[in-house]
Structure formats: structure tokens, C-alpha cells
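Engineer: Could you work out the structure for the sequence below:
(2 chains)
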Amino acid sequence: GENVEQHPSTLSVQEGDSAVIKCTYSDSASNYFPWYKQELGKRPQLIIDIRSNVGEKKDQRIAVTLNKTAKHFSLHITETQPEDSAVYFCAASKPDSWGKFQFGAGTQVVVTP
Amino acid sequence: NAGVTQTPKFQVLKTGQSMTLQCAQDMNHNSMYWYRQDPGMGLRLIYYSASEGTTDKGEVPNGYNVSRLNKREFSLRLESAAPSQTSVYFCASSEGTGGRQPQHFGDGTRLSIL
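Structural biologist: Here you go, the predicted model:
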């Protein structure tokens, strides 16, 4: 089945710097890649997603890139702020999987002022 | 604009007790999911329901049962709770059909089993 690996497991950045989280997936049939942010004690919330027919997508300070050949996708956060501190999860989904996701293990991002 | 609603928010059980976690969504989604999240860990799929009337096992189904009561509601039952089932349980829903749609999560149920 699908396997998603996420790196790094923890990431400390200075406020204002950029943060990059990378995920690799195993099943080339995967065609949908969402990213979730989970603040302490809260539910996971979708922050951005990308479909396999697109190579890059941006939303203000957040961007996601997809390399289908290499089977990896990355989350980029620019000009980080303390409120970006959270756990970030990537996921991958295949057609005909009834919307099931295979989640990565998560990245704890800490933004220090 | 409730989205996915889970009840209860917190529960403490004794080993061997039974418990049903409730989940309801108001987005007319076809698919619903139950996950557990242990401290410092990711999300593990327990059971899912692709559509009303169907359920299937996920990654960690042992010790759990589910019921898709109707299109809106999907419940998770622990028949005989064990300390290893202490966790945060999240329900999620998505349009499901055809994939490529996000899952929307509820606020979670924090369950402690003594």
C-alpha cells in the first residue's frame, strides 16, 4: 500500500526565516496531496493542497510543490511568524480510495522570536 | 456552520467499560473516517465508511466497531475498553467519491481509560 515519509520530524526556525517540510510517497497512482496544520490541543486543519496535474500552488506565505517523477512534495512557509508554530502533516490519496489518506508522521515546527 | 461535530469532548472510562463516540457532519459528505492520535504521533485510521451503508477496516481496527447510522452520522464503539485505547479520537468527513477532496476534522474526543 501507500507509504508517506515526512522529514524533518522537528524544525526550529527564527521568526522571519523560511521553513521547508518534505514528504515522499511510494505509490505513483497518488494524485492528491493535502497539508494539515495542527495546533496544540486542536483539530488538524487543511492549509493547502495540490492535485497531480499541478506542479506548484501558492497561498500568501504558504506554497506547495510537487515532483511526480521523484514522488515527493514539499511545503514552504516564508516569513515565518510565531503563530506558524504547530505540527504539520502531509498526506497522499489515490483514485478509487474513497478519499482515504495516508498521512506522514508529522513535523513539529517551532518559530522563535 | 458546524461542519463535523463530535461528542463527548472528554471521557474517562474504567478498563472493561463500553463507550460509543458520536460523530455527525452537516456537509452532505459521502465518506466518513475515524482516527486515533497518540501523543507525539500521527493519525492512524481505525475504520472508514465510503458511503452510507458501508464500513471497512483501516489500519488499527482491533477493539473497535463502527456504525454508519445514516449519511450524517458515524459512530465508534469500544466494547471493552483497555488502557491501550487511551488516545484522542478524531472523526473526519469528505466528499469521498472520486477522491481529490480534503477531509474535514472534528474537534476530537479525548478518552482516558484507567
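
Engineer: Helix, strand, or coil at B:Ser84?
Structural biologist: At B:Ser84 the chain is in helix, as set by DSSP: H, G, I helix; E, B strand; the rest coil.

Engineer: ok, now which ones touch it?
Structural biologist: B:Gly63, B:Ile113 (Cβ atoms under 8 Å, 6 or more residues apart in numbering or on different chains). Quick note: C-beta positions are derived from backbone N, CA and C, even for glycine.

Engineer: now B:Thr86
Structural biologist: Applying Cβ under 8 Å, 6+ apart, the residues near B:Thr86 are B:Leu111, B:Ser112, B:Ile113.

Engineer: The second one against B:Gln11, yeah?
Structural biologist: Yes: between B:Ser112 and B:Gln11 there is a contact under Cβ atoms under 8 Å: 7.3 Å.

Engineer: neighbour count winner among the two?
Structural biologist: B:Gln11 (17 against 13; other Cβ atoms under 10 Å in any protein chain shown).

Engineer: Can you report how many residues lie near B:Gly108?
Structural biologist: 22.

Engineer: isn't it right up against B:Ala92?
Structural biologist: No: if you go by Cβ under 8 Å, B:Gly108 and B:Ala92 don't touch, sitting 10.4 Å apart.

Engineer: who's in contact with residue 3?
Structural biologist: Because you didn't say which chain, this covers chain A. By Cβ under 8 Å, 6+ apart, the contact list for A:Asn3 reads A:Tyr25, A:Ser26, A:Asp27, A:Gln102.

Engineer: Chain B, not that one
Structural biologist: B:Gly3 neighbours (Cβ under 8 Å, 6+ apart): B:Gln25, B:Asp26, B:Met27, B:His104, B:Gly106.

Engineer: Could you tell me the per-residue confidence at the first one?
Structural biologist: B:Gln25 carries a pLDDT value of 97.

Engineer: gap between it and chain A?
Structural biologist: According to Cβ to the nearest Cβ, to the nearest Å, B:Gln25 and chain A sit 13 Å apart.

Engineer: Please state the backbone phi and psi of that residue?
Structural biologist: phi -130, psi 150 (degrees, to the nearest 10).

Engineer: What of the one 5 residues further on?
Structural biologist: Taking degrees, to the nearest 10, you get phi -80, psi -40 for the backbone angles of B:Asn30.

Engineer: Could I get the full set of strands for chain B?
Structural biologist: Ranges of strands in chain B, per DSSP state E, are B:4-7, B:10-13, B:19-25, B:31-37, B:43-49, B:56-57, B:64-68, B:74-78, B:87-94, B:104-105, B:109-113.
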